[in-house]
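> sequence? don't have it. structure:
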């Protein structure tokens, strides 16, 4: 792995999970798995890198990764609610709640993206990719802090435009928002949410539904082979998406979600 200024320094602040910091690498997930194999990355510890040469998103799509944004790999415990098909949705809901506590109003676009509302139009600010290898579960987390890809470089058919968190801040606030400082605060919020009272295992569904984008609206779900339309009513206890179609509830587990033209 190639590192720059921090050379893999391990940051530990009182009572908070440790963060490994690197410069440019192939991907934060690759570094995270390497550290985990060496016994150097415990649950809730994470890797934060300045940029990635081969960042990846859903379906192995390339994740454009210039400096200034968050590119992190967070090790999750292989316990409920993460040891289930709902893991990515739970992680997204926790991240939405953490960003909300820090003043950023975001919504969860099922199953694993976060969006802000630009007027009535949502724009993507973060994505989550879970990878499990040899019993180690990592959440790859990318957050547009200072930069967002313009429309011309987004993949064809992307469900929504992208936006950076700084775009919603006053000029005086922008200088205080860095990827590194934001990640430390988010990791602390996530760890506290998981550690406090054990309520997450029981209440994750309510938490996720409270941030769910387009709940109560008519949406389209495209899985590549078929496009289905229905009213988004909520989530199932296993993380599936519940749509009301033709007077009955149906559950779906994959696909790209967008607002229906019939809305």
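Yep, that arrived. Keep in mind it's a predicted model, so treat the numbers as computed, not measured.
> Next, the buried residues of the top helix by length along the chain.
Taking DSSP state H as the assignment, the helix of the chain that covers the most residues is helix 179-195. Neighbour counts using 16 or more other C-beta atoms under 10 Å place 179, 182-184, 186-191, 193-194 of helix 179-195 among the buried residues. Any C-beta I mention is one placed from the backbone N, CA and C, and that applies to glycine too.
> Check which helices and strands it sits against.
Judged by 3 or more C-beta pairs under 8 Å, 6 or more residues apart in numbering; DSSP states H and E, helix 179-195 is in contact with strand 19-25, strand 46-52, strand 70-76, helix 87-101.
> Just send the ones you listed back as JSON lines, with mean neighbour count too.
Putting the helices and strands packed on helix 179-195 into JSON lines (neighbours: other C-beta atoms under 10 Å) gives the following:
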{"stretch": "strand 19-25", "mean neighbour count": "21"}
{"stretch": "strand 46-52", "mean neighbour count": "25"}
{"stretch": "strand 70-76", "mean neighbour count": "24"}
{"stretch": "helix 87-101", "mean neighbour count": "23"}
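> still on that earlier bit, of the buried residues of helix 179-195, closest to residue 111?
Closest approach between those and residue 111, by C-beta to C-beta: residue 190, at 17.7 Å.
> I figured that closest one was touching residue 94, is that so?
Yes: Residue 190 is within contact range of residue 94, at 5.4 Å (criterion: C-beta atoms under 8 Å).
> still on that earlier bit, so for residue 229, which of the helices and strands packed on helix 179-195 sits nearest?
Minimum separation from residue 229 across the helices and strands packed on helix 179-195 (C-beta to C-beta) falls at helix 87-101, 21.1 Å.
> contact partners of the closest one?
Helix 87-101 is contacted by residues 76, 81-82, 106-108, 110-114, 126, 128-130, 137, 139, 141, 185-186, 189-190, 193-194, 200, 204, 207-208, 210-211, 235, 239 when judged by C-beta atoms under 8 Å, 6 or more residues apart in numbering.
> Nearest the geometric middle of the protein, what residue?
Central residue of the chain (C-alpha atoms, centre = their mean): residue 128, 3.4 Å from the mean position.
> Nearest residue to that residue in space, please, no chain neighbours.
In space, and not counting its chain neighbours, residue 128 is closest to residue 112: 4.1 Å by C-beta to C-beta, 6 or more residues apart in numbering.
> next one: residue 163
Counting by C-beta to C-beta, 6+ apart, residue 163 lies nearest to residue 123, which is 3.6 Å off, once chain neighbours are set aside.
> show me what contacts the one you found?
115-117, 148, 160-163.
> looking at those, which has the most residues close by?
Among the contacts of residue 123, residue 115 has the most neighbours (other C-beta atoms under 10 Å), with 24 neighbours.
> mind checking how far the closest residue to residue 162 other than its chain neighbours is from residue 127?
Distances taken as C-beta to C-beta, 6+ apart place residue 148 nearest to residue 162, at 4.0 Å, with adjacent residues excluded. Applying C-beta to C-beta, to the nearest Å, the value for residue 148 to residue 127 is 12 Å.
> Was I right to think residue 104 contacts residue 116?
Yes: counting by C-beta under 8 Å, residue 104 does reach residue 116; the two are 7.3 Å apart.
> Buried residues of stretch 239-258, list them for me.
Of all the residues in stretch 239-258, those buried under the rule 16+ other C-beta under 10 Å are 239-243, 252, 255-258.
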